[in-house]
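A.B. asks: when you get a sec, could you give me coordinates for this:
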Amino acid sequence: MKIIKNKTITWIDISKPTKQDIEFVVKQHKFHPIILDELLHLSARSRVEKYDQYLFLTYHLPVYDPILKTSRKAEVDFLITKNKVISVHYEELEPINNFIRNLTNNPGFKETAMTNTGRLMYSLIEEIINFSMRQLRHIEENITSLTQELFTGKEDAMLRKISYVKRDLLNYRIISRPQEILLNSFKHAGINFWGNDIAVYLSDLVGDHLKVIQHLENYQETIESLEETNAQLLDAKTNSVMQKFNILAFLTIPAVIVLQLFAVESFNKLFGDNDLKVFLTCLILVFLITIISLLIFRKKRWL
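C.D. replies: Model prediction:
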């Protein structure tokens, strides 16, 4: 637990909450028992709830997992009064740690960010949105790498890589999209709670989050185009291989006909009873027909 305060407001940050932490929160304000109970575990959805003297906010953010190669959901819960902000999260989060360092090491930033709890919430969520924007870099890097590999003849390997990026984008969208509705709800609840002076800051949060969504949509369009192009290249490669197999299969037809012809007893009598002569004649005919067929196919550019 970390506590940072100035003359007017206090920020209490709780990581991996225990029952003792919740007991401490109970002493800070008369929060609803159901909300206090929810602080001990993750919530299924993001939401804003307004009570008489405080707000309860559940915010989800995407965090990239390099082992699973996809984004997963992390959660921060906020209990907000006029003079306190209590944040609760269930793992160490980079944006929260960055914000703590900024408040600790930059007195000017602390003075601005902790003017009131509304400005503190704006600064906190702004840091989380900036973190979400930075989390998009690995997607951009993966897409750039795929673009460079597009015409290198590695269509099969690219298909797997594209699937990983698409899954990552899908999970990121599932986590981020609901926050757009959340921030709009927070804007209306915040104006009622703090007054119209906070409106410009909360509107700014909505706009900044929209930038994240726009980047997601751009990446989605790009990866779909890459997938389509890669599929076309893979189809062309498969068709080329199948064409060669068909031609090779066709080349065996004259040889089969010759072999079947020499299997006819009446035809073999033309060469007498000399089996070696029959064998050599059959072999030469098969060889000549195959070479002539190959030359014709090469001339027609079928091979």
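
A.B. asks: which regions of the chain sit below the pLDDT cut-off?
C.D. replies: 251, 258-279, 300-303 (pLDDT under 70).

A.B. asks: repeat that with 90
C.D. replies: Applying pLDDT under 90 to the chain flags residues 1, 5-8, 17-45, 51-52, 65-70, 135, 137-138, 147-160, 230-303.

A.B. asks: packing partners for the longest helix anywhere in it?
C.D. replies: Taking DSSP state H as the criterion, the chain has its longest helix at helix 199-262. Using 3 or more Cβ pairs under 8 Å, 6 or more residues apart in numbering; DSSP states H and E as the contact test, the elements touching helix 199-262 are helix 117-135, helix 137-149, helix 155-194, helix 275-299. C-beta coordinates here come from the backbone N, C-alpha and C atoms, glycine included.

A.B. asks: looks like N184 contacts V206 (just checking).
C.D. replies: Yes - N184 is within contact range of V206, at 5.9 Å (criterion: Cβ atoms under 8 Å).

A.B. asks: quick check: neighbours shared by those two?
C.D. replies: Overlap of the contact sets of N184 and V206 (by Cβ atoms under 8 Å, 6 or more residues apart in numbering) is empty.

A.B. asks: centre of the chain to the longest helix of the chain, how far?
C.D. replies: 19 Å (Cα atoms, centre = their mean, to the nearest Å).

A.B. asks: what comes into contact with stretch 112-121?
C.D. replies: 4-6, 8-9, 11, 57, 78, 80-85, 102-103, 123, 190, 193-194, 197-198, 201.

A.B. asks: any idea of the angle the longest helix of the chain forms with helix 155-194?
C.D. replies: Comparing the axes of helix 199-262 and helix 155-194 via axes from the mean of the first three to the mean of the last three Cα atoms, to 10 degrees yields an angle of 160 degrees.

A.B. asks: buried sites along the one helix or strand K73 maps to?
C.D. replies: Element membership of K73, judged by DSSP states H and E, is strand 70-80. Residues 70-71, 74-80 are the ones in strand 70-80 that count as buried (16 or more other Cβ atoms under 10 Å).

A.B. asks: show me the chain divided up by domain.
C.D. replies: If you go by automatic domain parsing, the domain ranges for the chain are 2-236, 237-299.

A.B. asks: tell me which of the ones you listed is the most buried.
C.D. replies: Ranked by mean neighbour count under mean count of other Cβ atoms under 10 Å, the domains of the chain are led by domain 2-236, which reaches a mean of 16.

A.B. asks: sorry, back to before: direction included, what does the strand holding K73 pair against?
C.D. replies: strand 55-65 (antiparallel), strand 84-89 (antiparallel) (DSSP bridges).

A.B. asks: angle of that strand against helix 117-135?
C.D. replies: 180 degrees.

A.B. asks: what's the offset of strand 70-80 from the middle of its chain?
C.D. replies: 18 Å.

A.B. asks: same thing with stretch 172-191?
C.D. replies: 20 Å.

A.B. asks: the most centrally placed residue in the chain: what's it in contact with?
C.D. replies: Against the mean C-alpha coordinate of the chain, by Cα atoms, centre = their mean, the closest residue is D168 at 1.8 Å. Contacts here follow Cβ under 8 Å, 6+ apart; on that basis D168 touches 64, 69-71, 138-139, 142.

A.B. asks: many thanks, we can stop here.
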